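In: Sequence and predicted structure, then a few things I'm wondering about:
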Amino acid sequence: MGSVHPKIMIKESKYCLDNTVVGDSWRMFRIMSEFVEGFDALSAIDAPAVTIYGSARTGTSDNYYLLAEKIAAALAHAGFAVITGGGPGIMEAANKGASEAGGLSIGLNINLPHEQESNQYTNFPLNFKYFFVRKVMFMKYSMGFICMPGGFGSLDELFEALTLIQTERIKPFPIVLVGSEFWSGLVDWIKDTMLRQGNINGYDLHLFKVLDDVDEVVHYLKENIGS
């Protein structure tokens, strides 16, 4: 059997869903093991959990980094576990805030080439290879979502949650968009374009709340989780 060219190996390990070296049948065992490990670990959590999303590229001196840290600390003081994607940026800020406040700081890290490494502030780390497995964990074990400013990944998580609630695939839970300055353009487009053209209805605008203040965010979650 001939050797595989190094460049091909690098490409196939990077684009894991297109990998033809490892057969799909064997890949299923890896996927199943990630589900089992995630379910077993997260089902043991006895505190209500809130997931905080946001950009991995946000610097430690950025106002949104500092805000995410404060929100996570306030949630920890209120008895919530905090879940993030386990990486740098906003995720690191949230894990830092929760951990330093004495709370449960969960990091569901995804293995990404040249982009994400697990941050040092998780006291409950889990690692995943597949995005869709990790996303199931976020949905299944979170009782609320906080969406800080982010990129494509944060928008993906946000709109998947909104879609699953809208289509009644999951029970409604509070979704908070933190940072009116950042989110206002998107919210205006949803109202002025999507709603006006009939792609959503008026009720869908109530599936999320835009807030800026730490106390308001925590109060909103406490009032709406489990309702």
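Out: Everything's here; your move.
In: where do the strands sit along the protein?
Out: Under the criterion DSSP state E, the chain contains strands at 49-53, 81-84, 105-110, 124-128, 144-147, 175-178, 209-211.
In: OK, contacts around Ala101?
Out: 72-74, 76-77 (Cβ atoms under 8 Å, 6 or more residues apart in numbering). Bear in mind the C-beta positions are built from the backbone N, C-alpha and C, glycine included.
In: Quick check: of those residues, which lies closest to Val214?
Out: Using Cβ to Cβ, Ala74 is the member of those that lies nearest Val214, at 5.4 Å.
In: my guess is the closest one meets Asp215, correct?
Out: Yes: with contact defined as Cβ atoms under 8 Å, Ala74 reaches Asp215; the gap is 7.4 Å.
In: average pLDDT for stretch 182-190?
Out: The pLDDT scores in stretch 182-190 average 98.
In: what residue ranges in the protein are flagged as low confidence?
Out: Within the chain, the segments meeting pLDDT under 70 span 1-23, 113-116, 226-227.
In: Can you tell me which residue is spatially central in it?
Out: With distances taken as Cα atoms, centre = their mean, the chain has Tyr53 as the residue nearest its mean C-alpha position (4.3 Å).
In: For that one, which residues count as its bridge partners?
Out: Cys147 (DSSP bridges).
In: more crowded one of Ala74 and Asp215?
Out: Ala74 (20 against 11; other Cβ atoms under 10 Å).
In: Now that one: closest residue in space that isn't a chain neighbour?
Out: What sits nearest to Ala74 in space, not counting adjacent residues and going by Cβ to Cβ, 6 or more residues apart in numbering, is Val218, at 4.8 Å.
In: Which one, of the strands of the chain, ends up nearest to Thr163?
Out: strand 175-178 (11.6 Å).
In: chain center to that closest one: distance?
Out: On the basis of Cα atoms, centre = their mean, to the nearest Å, strand 175-178 sits 12 Å off its chain's mean C-alpha point.
In: Just checking: what are the partner strands of that strand?
Out: Here strand 175-178 is paired, per DSSP bridges, with strand 144-147 (parallel), strand 209-211 (parallel).
In: Keeping just the C-alphas, turn the longest one into CSV.
Out: To tie it back to what came earlier, the one meant is strand 144-147. In CSV, the C-alpha atoms belonging to strand 144-147 read as follows (Å, rounded to 0.1, in the frame of the first residue of the first chain):
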residue,chain,number,x,y,z
GLY,A,144,-30.9,30.3,28.6
PHE,A,145,-28.6,31.8,26.0
ILE,A,146,-26.6,35.0,26.2
CYS,A,147,-25.3,36.1,22.8
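In: coming back round to it: take the strands of the chain and write them to CSV, including distance to Trp26.
Out: Shown next, in CSV, are these (distance: least, Cβ to Cβ, whole Å):
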stretch, distance to Trp26
strand 49-53, 31
strand 81-84, 30
strand 105-110, 21
strand 124-128, 18
strand 144-147, 34
strand 175-178, 37
strand 209-211, 44
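In: Out of these, which one sits most buried?
Out: Most buried of these, by mean neighbour count (mean count of other Cβ atoms under 10 Å): strand 81-84, with a mean of 29.
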